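Undergrad: Fold the following and give me the result.
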Amino acid sequence: ISKKLTYRGERVSIEVDVYKKIRYLHEHEGKSQRDIAKLLGISRNTVKKYCEGSLVPWERQGISGRQRYVVTDEVMEFIKTCLATDEAENIKKQKHTAKRIYDRLVDEADFMGGESTIREIVANLKDKQAKVFVPLSYDPGEAIQIDWGEATAYISGKKVKLNLFCMRECYSADMFCKAFYRQNEESFLEAQITGFDYFEGAPKRMIFDNAKVAVKEGFGIHAKVQDRYQALAAHYAFQCDFCNIAAGHEKGLVEGLVGWVRRNILVPIPRVETLDELNAEILRRCLKYRGHKITGRDQTVGEMALTTRVRLTMLPRYRFDPSKSITQRVSDFSTVRFDYNHYSVPVKYADKEISVKGYGNEVVMIYRNTEIARYPRCYERGQTKYRLEHYIDLIEKRPRSVFNAKPVKSNLSTQLLEAGRRLSGPREMVKLLRLCVDYGENKVLTAIGSLNNPELSVELIRAVLTPVDTPERLPSKLDIKVLTPQIDKYNALMNRGAAV
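TA: Numbering: from 1, shown residues only. From the prediction side, this is the model:
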């Protein structure tokens with residue numbers, strides 16, 4: 001290709017020199033075309049082409065003399081049908097290419113033209129008008145855009161797919177984001193309530209797409225809102241504004257935010273112990289973003305957010321409860337069922353009815369307005385989550401069950417169970433469990449590791465766990481009053497005895 005280009009450049013340079021001479025001889029010396037051709041030793045056709053200045057050598061001319069194949073209406077209709085079929089089926093990786101259309105025309109319509117002709121036609125048909133968007137402007141507190149996105153993180157060493165809920169206030173571009181395990185109704189409602197707390201108010205409009213968590217049926221202005229989302233909108237006094245189908249540009253601010261959070265907060269892939277730890281980091285970055293100044297604006301995001309805050313709707317006194325709530329009776333094993341799984345509660349609540357509230361990332365158990373247990377929400381099926389502290393009182397009464405008790409085996413590490421078997425019996429193991437409840441398993445394992453005595457005992461472990469200067473290790477002060485002896489009374493008594 002480079003050789004061809006070089007040759008082309010040299011040829012143009014030569015033709016420009018000839019062109020210059022032709023024009024000069026014709027315009028200034030009045031030579032005829034015949035004389036110019038004879039003088040320069042070139043053909044009269046070349047002189048005729050350049051003499052009047054209507055053509056120039058540095059612009060490439062089309063190939064002349066070749067007869068162009070005439071594309072019939074039938075061929076055009078065939079091409080349009082192929083493209084229309086692709087658009088209707090909308091399968092990205094199985095669409096007609098220009099070559100495939102050409103091959104089909106040759107096979108099915110006896111097409112005699114060239115492939116380049118079909119390529120040109122297909123390119124012209126696909127050359128649609130580029131999308132153009134209307135610049136928008138929002139008043140402070142007028143609207144907030146919301147959207148979901150997906151991300152990945154390592155939680156307690158396990159690779160987990162998470163769902164990012166993102167909110168953005170349209171005037172200031174202030175942002176809020178929180179990670180959830182699922183895009184369910186509980187998470188959807190809870191995220192917005194938490195976001196309103198972050199912005200310190202609610203907007204006049206919430207702009208969202210037509211997801212099932214918000215819309216029963218229809219789309220856009222015809223959408224029918226889900227009952228609980230309608231209740232949330234009524235409580236926080238905002239209107240639901242749903243986008244049209246495939247119209248992400250209608251909430252372009254938050255569309256860009258989802259990608260920004262993934263690239264700037266979740267790269268490299270976070271490694272945390274709990275989802276709360278990850279959400280704390282995301283919240284910190286949201287607060288930090290308030291110090292950012294967007295190009296073309298005079299104020300920072302935080303300064304504009306202060307302007308917005310006074311225009312937002314004041315939050316109601318009652319905080320909307322976004323949970324999925326049920327009433328359940330505690331089983332004989334001191335567990336309650338929620339969403340295909342079981343969770344333990346303290347044994348004293350067995351056979352009592354309690355309230356179970358499922359939030360996006362947590363499950364909370366309540367008895368007579370008192371919280372009795374809280375768990376990270378499990379989205380698997382058929383799982384049972386035990387807490388050792390819920391059963392320790394019962395196990396102390398029935399120590400023989402200790403090595404086979406599920407709350408023990410599912411909560412303690414293999415290392416601690418092996419240490420328990422080195423003790424003198426089940427009762428000593430129960431005492432070890434009590435230390436785990438009081439001090440935590442990690443501290444107990446550290447204490448065991450520091451002992452060099454091959455004969456392990458609970459008393460030795462407790463001695464390591466309890467520092468010398470704590471009240472548990474100090475000798476008790478006995479409340480004993482010592483009276484001063486009265487010697488004179490003793491002498492009097494002895495003198496009377498002697499007299500007798």
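Undergrad: How is the closest residue to I294 other than its chain neighbours classified with respect to secondary structure?
TA: Take I294 and drop its neighbours on the chain: the residue closest to it by Cβ to Cβ, 6 or more residues apart in numbering is A173, 6.0 Å away. C-beta: built from backbone N, CA, C; applies to glycine. Assigned by DSSP: H, G, I helix; E, B strand; the rest coil, the conformation of A173 is coil.
Undergrad: Quick check: A173 touching T300?
TA: No: the criterion here is Cβ atoms under 8 Å, and A173 misses it with T300 at 10.2 Å.
Undergrad: more crowded one of those two?
TA: For A173 versus T300, the count of surrounding residues by other Cβ atoms under 10 Å is larger for A173: 21 against 16.
Undergrad: need the contact list for that one.
TA: For A173, the contacting residues are L253, I294, V301, M304, by Cβ atoms under 8 Å, 6 or more residues apart in numbering.
Undergrad: ranking those by neighbours, who comes first?
TA: Compared across these, M304 has the highest neighbour count, 21 neighbours, by other Cβ under 10 Å.
Undergrad: how near is that residue to A173?
TA: Distance, M304 to A173, by Cβ to Cβ, to the nearest Å: 7 Å.
Undergrad: Which residue lies nearest the spatial centre of this structure?
TA: L164 (2.7 Å; Cα atoms, centre = their mean).
Undergrad: For the nearest residue to that one once chain neighbours are set aside, what is the enclosing helix or strand?
TA: Counting by Cβ to Cβ, 6+ apart, G149 is the residue found nearest to L164 once chain neighbours are left out, at 4.4 Å. Using DSSP states H and E, G149 sits within strand 143-155.
Undergrad: what residues does the following helix or strand past that strand touch?
TA: Sequence-wise, the next helix or strand downstream of strand 143-155 (DSSP H and E) is strand 158-169. Applying Cβ under 8 Å, 6+ apart, the contact partners of strand 158-169 are 141, 143-154, 174-183, 187-188, 191-192, 195, 199, 203, 253-254, 257-258, 261-262, 275, 278, 305, 308.
Undergrad: Over to stretch 73-93?
TA: Under Cβ under 8 Å, 6+ apart, the answer for stretch 73-93 is 95-96, 101, 104-105, 108-109, 111, 113, 118, 121-122, 125-126.
Undergrad: redo that, cut-off 10 Å
TA: For stretch 73-93, the surrounding residues in contact (Cβ atoms under 10 Å, 6 or more residues apart in numbering) are 69, 71-72, 94-98, 100-102, 104-105, 108-109, 111, 113, 117-118, 121-122, 125-126.
Undergrad: just to revisit the earlier point, who touches both of M304 and A173?
TA: R290, I294, R297.
Undergrad: Of those, which is the nearest to D438?
TA: Of all these, the one with the least separation from D438 (Cβ to Cβ) is R290, at 42.9 Å.
Undergrad: State the pLDDT value of the closest one.
TA: Reported pLDDT at R290 in the predicted model: 95.
Undergrad: Now do the same contact list for it.
TA: Applying Cβ under 10 Å, 6+ apart to R290 gives the contacts S172, A173, D174, M175, T300, V301, G302, E303, M304, A305, L306.
Undergrad: distance of it from K80?
TA: 53 Å.
Undergrad: Repeat that for R400.
TA: According to Cβ to Cβ, R400 and K80 sit 83 Å apart.
Undergrad: now do N244
TA: Where K80 is concerned, N244 sits at a distance of 27 Å (Cβ to Cβ).
Undergrad: can you list the domains in the protein?
TA: Using the TED database, the domain ranges for the chain come out as 6-51, 73-125, 143-311, 324-385, 391-465.
Undergrad: shaky segments in the protein?
TA: 1-14, 60-69, 128-133, 245-250, 467-482, 496-500 (pLDDT under 70).
Undergrad: Just the endpoints, please. Distance across stretch 353-370?
TA: Counting by Cα to Cα, to the nearest Å, you get 13 Å between the two ends of stretch 353-370.
Undergrad: Identify each buried residue in that stretch, please.
TA: Within stretch 353-370, the residues scored as buried using 16 or more other Cβ atoms under 10 Å are 354-367.
Undergrad: Which members of the residues you listed occur in strands, if any?
TA: Secondary structure from DSSP state E places I354, S355, V356, K357, G358, E362, V363, V364, M365, I366, Y367 of those in strands.
Undergrad: Return the member of those residues nearest to E455.
TA: Nearest to E455 among those, counting by Cβ to Cβ, is M365 at 41.9 Å.
Undergrad: thought the closest one was touching R337?
TA: No: with contact defined as Cβ atoms under 10 Å, M365 does not reach R337; the gap is 11.5 Å.
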